[in-house]
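Trainee: Mind looking at a prediction? Sequence and model below.
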Amino acid sequence: AQSVTQLGSHVSVSEGALVLLRCNYSSSVPPYLFWYVQYPNQGLQLLLKYTSAATLVKGINGFEAEFKKSETSFHLTKPSAHMRDAAEYFCAVSVYGGSQGNLIFGKGTKLSVKP
Amino acid sequence: DTGVSQDPRHKITKRGQNVTFRCDPISEHNRLYWYRQTLGQGPEFLTYFQNEAQLEKSRLLSDRFSAERPKGSFSTLEIQRTEQGDSAMYLCASSSLRVFSADEQYFGPGTRLTVT
């Protein structure tokens, strides 16, 4: 069965600092992995996805994530945080490792950005 | 704008009442998903449709929950005899099935349900 663990329910960084949000997955088949962002009282917006092509995936708003099979990780990074990045971020894995159905989400990491 | 829309955005109801939520997916998307999100948690899958067929419904929380997508376009999620524990954000997402590719799910803004 697939699962996702996000380490750290709350991360705080200063504006301009590196953002690192951690995600580890468990999957019995090659996974498809996603990062979504959720702003207050809104739905989820896709940041990026890994689909077994390049292991370094670039997304919107300057975010990127690296798939590391040996570490079962898919951490999200951004070189320089902006105030507008303050939101909740969710890592998700696709069931069956393909386009078969639903996503399984982690519990989320709330990112705060200090001026 | 042709994104996923949900109606209503907010619903307050008394315990024991029935509620129905509507989701209109992106028009060319044939897959539609329902999720529930409680405070401090990630979205939890409930059910999904491919066109009008409900392909997975075992994750619906109880027999009080039901969903339909009668013509393969919009969908409704109904909760009968609501309980306070049903208070949550109900999210709808849609995607376009592509073989050998992870389908990107696009989410609506959600319906926030409060049961008093």
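Mentor: That came in fine, so what should we check first? Numbering: from 1, shown residues only, chains lettered A, B, ... in the order given.
Trainee: Next, the contact list for residue 17, please.
Mentor: Since no chain was named, I'll use chain A. A:80, A:81 (CB atoms under 8 Å, 6 or more residues apart in numbering or on different chains). No exception for glycine: its C-beta is placed from N, CA and C like everyone else's.
Trainee: meant chain B actually
Mentor: So residue B:17 contacts B:81, B:82 (CB under 8 Å, 6+ apart).
Trainee: repeat for residue B:111
Mentor: So residue B:111 contacts B:6, B:7, B:8, B:9, B:10, B:11, B:21, B:89, B:90 (CB under 8 Å, 6+ apart).
Trainee: let's see 7 Å
Mentor: B:6, B:8, B:9, B:11, B:21, B:90 (CB atoms under 7 Å, 6 or more residues apart in numbering or on different chains).
Trainee: what do you get for residue A:12?
Mentor: Contacts of residue A:12 (CB under 7 Å, 6+ apart): A:112, A:114.
Trainee: How about residue A:27: what's its closest non-neighbour residue?
Mentor: residue A:2 (4.6 Å; CB to CB, 6 or more residues apart in numbering or on different chains).
Trainee: how many other residues sit next to the residue of chain A found nearest chain B?
Mentor: The nearest approach of chain A to chain B comes at residue A:105, 3.1 Å away (CB to the nearest CB). Counted by other CB atoms under 10 Å in any protein chain shown, the residues lying close to residue A:105 total 23.
Trainee: what do you get for residue B:30?
Mentor: 17.
Trainee: All set now, cheers.
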